[in-house]
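**Q** Take this sequence and fold it.
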Amino acid sequence: MKHSNFLFLASLTYACITRHTESFALGNGLSRKHHGPLFLQCQNNEDTQCNPSRRDVFANVMRLSVISIIGGGSKSSFAATATVNKGPTSDELGRIKIGYDQIQYLLTNFDKETTVCKKGGGGECERTAEPVRRYMGLRSTTDPLFQIEKVFAKVKYMDIDIDQLEVFFQATEEWNTAVTMSNSMAFISQFAEYNPGGSKEETLKFLEEAKTQVITAEKSLGTIMDCLSLK
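**A** Numbers count the residues shown, from 1 in each chain. Okay, the predicted model is just below:
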C-alpha cells in the first residue's frame with residue numbers, strides 16, 4: 001500500500017475513534033483542537049505533526065483504541081460486579097422452603113420412601129438409601145436443594161440483623177456437614193450388603209445413620225428459614 005493511501009485510511013480510522021473518545025479526552029483536560037480529524041487539521045500546515053510517519057499515525061490510532069476499550073470495559077465490569085453482589089431472589093428463597101417441606105415429608109415417611117418392592121405383587125422388597133440423596137439435593141440439578149449453598153452465600157447481601165446473621169452462618173455449617181455425612185452414609189448403605197462380610201443388617205445400619213444426618217439437616221434448615229423469615 002502506498003504511503004499516502006495508508007495515511008488517508010489511518011486518518012479516517014483516527015477520526016472515527018476520536019468521535020467516540022473526544023469527551024473522554026476533554027474530561028482529562030485535553031484541548032479539542034488536538035482531537036479533530038488529522039487530515040482536516042493539517043490542510044495548509046507544514047508542521048512536522050501534520051506530516052507524520054506511518055509509525056506515528058499507527059501509534060496514535062492504537063492509543064485512542066486502548067482508551068476507548070478501557071473506558072467502555074470499566075462500565076461493563078462495574079455492572080457485572082453489581083449483578084453478583086445481590087441477595088437471593090424470591091425464587092431462590094422459595095427453593096429453601098420447598099426443600100424443607102420435602103425433607104419433612106421424607107422423615108415422616110422414611111420407611112415407605114426408602115423401600116422398593118419388585119413389580120408383580122407379592123414381590124420381594126428391599127431397602128434403599130437412594131431417596132435420601134435425592135431429597136437432600138444430591139442427585140439432580142432440578143432438585144430444589146441442589147447446590148443450595150450458593151443461595152446461602154448470597155444472604156450476606158440481605159438486610160439481616162447481625163445477631164441473626166451469626167446464627168444463620170452457624171446453621172449453614174451444620175447443614176453442610178449433615179449433607180456430606182448423609183450422602184456418605186447413603187452411599188455406603190447402597191453397597192454394604194455386597195461388601196465382604198456385608199449383610200442386609202449392615203445396609204439398614206448405614207441407612208439409619210443417613211436418617212440421623214437428615215434429621216440434623218432438617219433442624220439446621222429450619223433455623224436458616226427462621227433467620228430468613230421464611231416460615
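
**Q** what about the helices in this structure?
**A** Counting by DSSP state H, the chain has these helices, from start to end: 3-26, 38-41, 54-84, 90-108, 110-113, 130-135, 149-154, 162-191, 200-227.

**Q** The fourth one to helix 200-227, inter-axis angle?
**A** Compare the direction of helix 90-108 with that of helix 200-227 by axes from the mean of the first three to the mean of the last three Cα atoms, to 10 degrees and you get 140 degrees.

**Q** Pull out the buried residues from helix 90-108.
**A** The neighbour-count criterion (16 or more other Cβ atoms under 10 Å) identifies Glu92, Leu93, Arg95, Ile96, Gly99, Tyr100, Gln102, Ile103, Leu106 as the buried residues of helix 90-108. Every residue, glycine included, has its C-beta placed from N, CA and C.

**Q** The residues you listed into a markdown table, with extra columns for pLDDT and distance to Asn176?
**A** Below are these laid out as a markdown table (pLDDT from 0 to 100; distance: Cβ to Cβ, whole Å):
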| residue | pLDDT | distance to Asn176 |
| --- | --- | --- |
| Glu92 | 97 | 17 |
| Leu93 | 96 | 18 |
| Arg95 | 97 | 16 |
| Ile96 | 97 | 14 |
| Gly99 | 97 | 14 |
| Tyr100 | 98 | 16 |
| Gln102 | 97 | 18 |
| Ile103 | 98 | 15 |
| Leu106 | 98 | 19 |
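
**Q** can you put these in JSON lines and add distance to Cys227?
**A** Shown next, in JSON lines, are the buried residues of helix 90-108 (distance: Cβ to Cβ, whole Å):
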{"residue": "Glu92", "distance to Cys227": "15"}
{"residue": "Leu93", "distance to Cys227": "12"}
{"residue": "Arg95", "distance to Cys227": "16"}
{"residue": "Ile96", "distance to Cys227": "11"}
{"residue": "Gly99", "distance to Cys227": "15"}
{"residue": "Tyr100", "distance to Cys227": "13"}
{"residue": "Gln102", "distance to Cys227": "20"}
{"residue": "Ile103", "distance to Cys227": "17"}
{"residue": "Leu106", "distance to Cys227": "23"}
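
**Q** Closest to Lys154 out of these?
**A** Glu92 (7.3 Å; Cβ to Cβ).

**Q** What about the residue nearest to the closest one when sequence neighbours are not counted, how many residues nearby?
**A** Of all residues not flanking Glu92 in the chain, Val151 sits nearest, at 4.5 Å (Cβ to Cβ, 6 or more residues apart in numbering). Val151: 19 surrounding residues under other Cβ atoms under 10 Å.
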